[in-house]
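# Show me how the following folds:
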Amino acid sequence: MGRKKTFNNIYIPNNIKTITESIKSEVQRKEIQFPKELGEEHLFDLKLAEQTYKKVGLVKAIVDKHLDFIISPGFYVTSLEPKAALLINKFIKETSFDQLLRQWILESCIKGTGFLEASFDGKEFEFRVINSTSMYIKRDKNGIVEAYNQYVGSFEKFNPNRIIPFTPEEIIPLDLGKVGDDAYGIGLIFPLLKTVDYMASSERDLHMLMQRKANAPIHVKLGSPEEPVSAQDVTGAGQTLEYLNNMHEWATDHRWEFKVVDFGNIGEKFSMVMESDKETLFMAAQIPASIMGQANIPEGLAKSDAETWERRIESLQGAIEKVIEEKIFRRILKANKLDARVEMEWGQPSESKVNQRMTQLTMLLSNMQLSPQLRAMLEIEIANVLQFSEKWIKTLIEPEIVPEIERDKEGNIKQPEIPGEKPQAAENIKELKKNDKWFIHEGINTEDDNLKLSEWINFDYIGYKEQILNYISSDDFSSLRGYNNLDYALGKLNENQINQLRNVLINNFEGNGTIYEIAEDIRKLGFKSVYTINDKGQKRLILDKNTRPMYIARTESTRVASEGILNHYKSQGVEEVRFLASISQRTCPICESLNGTVFTIQEAQGIIPIHVNCRCGWIKVFHESVKGQIK
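Below is the predicted model:
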């Protein structure tokens, strides 16, 4: 073989003479015969699928169960570019995108393909979910979409003027279960229709028989071989029985014999068929019966079903997020001239999944014949599942490896000097906040929690909002962030949690929310309690998870507002700022001593909050002053 050449980093042998310039394979199109200009015909009766969803309770439950499991974990976006994340989060909030997404996915579940109309007027995007029943796709022979057409009129009296054309850029399709060359997806209901028809037929027959045979019919035998009766007598008796009711009492001679006709247990004749149809329905929908609450099975099998179901939901979420990232988020970023990428993430791993993995690992560890190497590997895996690290496990066994906390001669944690007019004031304050004494804070009136953000931080931040939001988007939240599994075990936040907290602060600073509203939003994120490690290598509680949301809401609101206004002052050429304490009966001695102290912009950054629940701020120095003195 001759020397290889490269083409876009792909090696191609010399004996390959040509490279095709475009796709040549064709698709099988099923175009509507009349009116042909609409495009390709639907794979099934979409109106029937919609009516089935509305009228058949079991089918509706199957679809809704899929939808709830897909949407209920929630979602968030991440990006290496803070402006991109800020822009997409703003879009999600302003358009109520979660509700739009639910409607869009529901259309694709019922009808195979959901159609989202996207409109951009040069300033903002507008989206609307279209009824898929009225939408048609027009493709060329290679399967490339040429146009989308909507027609809501009657086909019996076709009116071409009622066709609404859309360019490929104006419609975003979401396919569910697309097969081969089909233009549309098949959704969840289409594969169920035959079984649903069988079940409906069985139920209809069962109820009809039950209605007809609710009261056991009576058979009357007239005459005997020795004393036969005439046909006229039989007819007369039958006519008499037609008017039989509960008030009738009969007196007959020996030639009348009454018997009740027993048809047996009618339900048993249908139960096996109907149960079989129900099992077939669940299998076709790829949903375990245990998820629908229809199976009495062992716990182990139920867990296996739950795992299978979780993998199905994850596969659907993956397909959905790919469309959203490429067709919606990327388009918004491009329109705003941002060359960045955002990633859509769904929720967090469930507690049951973590517990199940832990059970498997601990059972393996109980085997005394494990080699030391394998045992160490299992311990590391357990540490990862619990968000611990190998270092933390070793710490529990060998406490002496925990670094000693710096202490003074009396054994107390060494504290930096209180800053003010003393040398290196800014550095001393920042050092103070590095250890857990920072959690000693001034008293707070709970009525303060109902304050708007502008009231909490003691200034109208609207004029500085852009700088504050930019700071929130770009800040790494180092005081709350964990960098390894040991940090996470002590209550520090991982990357996903940091992004969720960032979204909460952005949303509330956008709308001037209250401290209570911020705390409630944070509470929903489920942050853990905060611990530190004492000098014996043991965990010590610093902040309980129940009170932590309010602490974060108060403290982080003050911090990001402070840093945002410092960035604003810096952009305006301000060189010095004055510390402005929130003076009250609850003001701590440190903040009170700092009130009026002048710092440079660079020194001021990272100082506020002085402590948890701090409400201090900065004001620019308008005239020449000497650092540390009030003029």
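# what separates stretch 503-513 from the chain centre, distance-wise?
Distance, stretch centre to chain centre, for stretch 503-513: 20 Å (CA atoms, centre = their mean, to the nearest Å).
# ok, and for that stretch, which residues are buried?
Residues 503, 504, 505, 506, 507, 508, 509, 513 are the ones in stretch 503-513 that count as buried (16 or more other CB atoms under 10 Å). Glycine gets a C-beta too; all of them are placed from N, C-alpha and C.
# How about stretch 158-171?
Residues 163, 166, 171 are the ones in stretch 158-171 that count as buried (16+ other CB under 10 Å).
# who's in contact with the second one?
It stands for residue 166. Contacts for residue 166 (CB atoms under 8 Å, 6 or more residues apart in numbering) come out as 117, 147, 148, 149, 150.
# how does this protein divide into domains?
Domain assignment for the chain by automatic domain parsing gives 192-285, 425-620.
# need the least confident one among the ones you listed, by mean pLDDT.
Lowest mean pLDDT within these: domain 192-285, at a mean of 75.
# Could you tell me the end-to-end distance of it?
Terminal residues of domain 192-285 lie 7 Å apart, using CA to CA, to the nearest Å.
# try stretch 135-152
9 Å.
# Return the most buried member of the domains of the chain.
For the domains of the chain, average neighbour numbers computed from mean count of other CB atoms under 10 Å are highest in domain 425-620, which has a mean of 18.
# would you list every one of the helices in the stretch 501-631 of the chain?
Taking DSSP state H, counting those that start in this stretch as the criterion, the stretch 501-631 of the chain carries its helices at 515-523, 548-571, 589-594, 601-604.
# who wins for most neighbours among the contacts of residue 166?
Highest neighbour count within the contacts of residue 166, by other CB atoms under 10 Å: residue 148, with 22 neighbours.
# where does it land in three-state SS?
strand (DSSP: H, G, I helix; E, B strand; the rest coil).
# Is it correct that it is in contact with residue 139?
No - Residue 148 is beyond contact range of residue 139, at 10.3 Å (criterion: CB atoms under 8 Å).
# joint contacts of the two?
Common neighbours of residue 148 and residue 139 are listed as residue 39 (criterion: CB under 8 Å, 6+ apart).
# just for the stretch 251-400 of the chain, where's the confidence low?
Within the stretch 251-400 of the chain, the ranges that satisfy pLDDT under 70 run 261-270, 295, 348-354, 368, 372-373, 376-377, 379-400.
# For the closest residue to residue 594 other than its chain neighbours, give me its contacts.
Leaving aside its chain neighbours, residue 594 sits nearest to residue 579 (4.7 Å; criterion: CB to CB, 6 or more residues apart in numbering). By CB under 8 Å, 6+ apart, the contact list for residue 579 reads 594, 595, 596, 597, 598, 599, 604, 607, 608, 616, 618.
# elements contacting the helix ranked longest in the chain?
If you go by DSSP state H, the chain has its longest helix at helix 299-324. For helix 299-324, the packing partners by 3 or more CB pairs under 8 Å, 6 or more residues apart in numbering; DSSP states H and E come out as helix 57-71, strand 171-175, strand 342-346, helix 351-365.
# out of the buried residues of stretch 158-171, who's nearest residue 61?
Ranked by distance to residue 61 (CB to CB), those are led by residue 171 at 30.3 Å.
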